[in-house]
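Undergrad: Here is my input; please provide its structure:
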Amino acid sequence: MFAMTARSSFGRCLSWLPVVALACLIFGGVGCGGEETPPPEETIGPKKPPQDPDQPLTDTYKLQVVGNTSVALEQGKQLTLQVLYTKNGQGFGGQTVYFAPKGAYADSRLSMYQVTTDAYGFAETVLVAGKMITSFSIEASAEKDGPVSWAVSVYQTPEPPPPPTPTLEGNYTVTSDFNIKTDFSGSSLAQVLNVLDKMSDDPQDPGQFVVDTVLSKVDNQVVSALATVLKPTLYQEVNKLLASVAPQLVADLMKLSQDVSTIARHFELTSVMSSPTAQLADKPMLVDHKLTKIAWTLNGVRDEYAFSKPAVAQDVMLTLGNDGDMTVAEHSFKIQYGVFLLAAINNLVLPQIDSSAYDIESLLTSRINCGKVATTMNNTVGAGGEALWKMACDTGLKAVALLIEDEIAKLDNGDSILTLTGTGKLRDMDNDTKLDSLNNGVWIGDIAIDKCIAPLAGAGNTFWGKLSTATP
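TA: Now for the predicted structure:
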């Protein structure tokens, strides 16, 4: 019975199965009992913890160039190359970065080839460009990334633009020193020096000089003949006299001769080179060269004279070369050398021997007492009388002085000609494009004095100058 009932019930269930299945399909898989169908289970294995969306799965490293990767560098110049090394986007400090040139880098170099990154991840080296014109690359690499690189080209240093051409304009005051090596042979100046030497160049001087001078002015033949016989005695007696009344006479006469010889050979000229309009220095320039002053210095004392009528050489050519090298073309001046020399003797030489002396005669008469010389000679000869001897002495000293002055004056009978050619430096010292300084000047040439032509050569014949606002 039970079995039959069970079968009946099972049969009834089977009879409903198609209807239930259809209902399940219609309602989208809802269980027949009204419950949702569970999802399939995951693959068997350990479960993973939940993932933090802000945390990368692995560390990332990056090396990158800071700035341009193409570099053009002038010969000999420097440039800092910099990289940034990061870990997970943050600066990675304390890490080694390697820098290396690649290719034809020639004589270019790096200051450092292995650098440790700083706390912010930066590392840098300095590229020093060499002299070779070339192209190459620089690579940088780190342990976790790289290499990165720069493309480098070294180019030639451009030529600087030419400086503006300076100009010559205005008045240039020039100072010239002259040191003449000559004995003035053939000129009247040589005769002057000879006369001065004869006053003190004999062991029997100054007595011999004084006696001979006095006797040359005695117009009594008998007395003159007698005195000539007694010359040796007269030399001795007059020397004794002069030794007592003028003990420095020989030394003074020697100094006079030496000092005249010195100033005749060593003198200074002040001149002005004038360019009224601006002239470009890259072409020959013409100036008027005018002598304005002459000066002597003796024992530290200077004596200067202005030319009453300046000597002028016109259209003197100046040529400027490299680095301010200047050439002054040959030009000449006519000067009254004798007039200035005699003035220097009277105003510079004689006062240093005797402060009261103003010419040769005043020096001689201050040293040689003709009254006492006359007494000595009259007593020695025993004839003529003191008046005759004194007059002869006075006349003789005056004649010696006049002879010296006349011989110096003869220097101007024919024009004394100073001929010069120069080299030196002419520069723009304050960079205002105007030439303003003359330096390292050297003169060559000669000076024709009377019949003597004395060459100007060697050290001592120099000049220098500068642009002046003074009127020449």
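Undergrad: Can you tell me which helix or strand of the protein has the lowest average pLDDT?
TA: Every helix and strand of the chain was ranked by mean pLDDT, DSSP states H and E. The lowest is helix 2-26, at a mean of 39.
Undergrad: right, and the helix or strand after it?
TA: Using DSSP states H and E, the helix or strand that directly follows helix 2-26 along the chain is strand 61-66.
Undergrad: CA-only coordinates of that next one in CSV, if you can.
TA: What follows is strand 61-66 as a C-alpha-only set of coordinates in CSV (Å, rounded to 0.1, in the frame of the first residue of the first chain):
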residue,chain,number,x,y,z
TYR,A,61,63.4,53.6,-11.1
LYS,A,62,64.1,56.3,-13.6
LEU,A,63,67.2,58.3,-14.7
GLN,A,64,66.5,61.4,-16.7
VAL,A,65,68.4,64.3,-18.2
VAL,A,66,67.7,67.7,-16.6
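Undergrad: Just name whatever secondary elements the next helix or strand after it is in contact with.
TA: Going down the chain from strand 61-66, the next helix or strand is strand 70-74, by DSSP H and E. Applying 3 or more CB pairs under 8 Å, 6 or more residues apart in numbering; DSSP states H and E, we find strand 70-74 packed against strand 78-87, strand 148-155. Glycine gets a C-beta too; all of them are placed from N, C-alpha and C.
Undergrad: Could you list the domains of this structure?
TA: Per automatic domain parsing, the structural domains of the chain span 61-155, 167-468.
Undergrad: Dump the ones you listed to CSV, plus mean pLDDT, mean neighbour count and distance to P161.
TA: Formatted as CSV, the domains of the chain follow (pLDDT from 0 to 100; neighbours: other CB atoms under 10 Å; distance: least, CB to CB, whole Å):
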stretch, mean pLDDT, mean neighbour count, distance to P161
domain 61-155, 96, 16, 16
domain 167-468, 89, 18, 14
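Undergrad: hey, where'd the strands end up in the stretch 151-300 of the chain?
TA: With strands called from DSSP state E, counting those that start in this stretch, the stretch 151-300 of the chain shows them at 167-179, 266-280, 285-298.
Undergrad: Of all the ones you listed, which one is nearest W464?
TA: Among these, the nearest to W464 by CB to CB is strand 167-179 (6.0 Å).
Undergrad: before we move on, what SS does Q352 have?
TA: helix (DSSP: H, G, I helix; E, B strand; the rest coil).
Undergrad: would you turn the helices and strands packed on strand 70-74 into JSON lines with distance to E237?
TA: Putting those into JSON lines (distance: least, CB to CB, whole Å) gives the following:
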{"stretch": "strand 78-87", "distance to E237": "95"}
{"stretch": "strand 148-155", "distance to E237": "98"}
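Undergrad: what's the span of stretch 152-167 from first residue to last?
TA: End-to-end distance for stretch 152-167: 44 Å, by CA to CA, to the nearest Å.
Undergrad: Also stretch 131-147?
TA: In stretch 131-147, first residue to last residue: 27 Å (CA to CA).
Undergrad: so how far is that stretch off the chain centroid?
TA: 46 Å (CA atoms, centre = their mean, to the nearest Å).
Undergrad: How about residues contacting that stretch?
TA: Stretch 131-147 is contacted by residues 61-63, 65, 75-76, 81, 83, 85, 87, 95-108, 110, 123, 127, 148-156 when judged by CB atoms under 8 Å, 6 or more residues apart in numbering.
Undergrad: who's in contact with the residue nearest to I138 when sequence neighbours are not counted?
TA: The shortest distance from I138 to any non-neighbouring residue, by CB to CB, 6 or more residues apart in numbering, is to W150 (4.6 Å). Contacts for W150 (CB under 8 Å, 6+ apart) come out as 65, 68-71, 81, 137-138.
Undergrad: of all the residues you listed, which two lie farthest apart?
TA: N68 and S137 (13.4 Å).
Undergrad: what's the closest of the helices and strands packed on strand 70-74 to V210?
TA: With CB to CB as the measure, strand 78-87 is the member of the helices and strands packed on strand 70-74 nearest V210 (87.2 Å).
Undergrad: Okay, now the sheet partners of the closest one, with direction.
TA: Sheet pairing for strand 78-87, assigned by DSSP bridges, gives strand 61-66 (antiparallel), strand 90-91 (antiparallel), strand 122-128 (antiparallel).
Undergrad: Okay, and the nearest residue to S153 once chain neighbours are set aside sits in which element?
TA: Sequence neighbours aside, S135 is the residue nearest to S153 in space, at 4.6 Å (criterion: CB to CB, 6+ apart). S135 is part of strand 134-141 when elements are defined by DSSP H and E.
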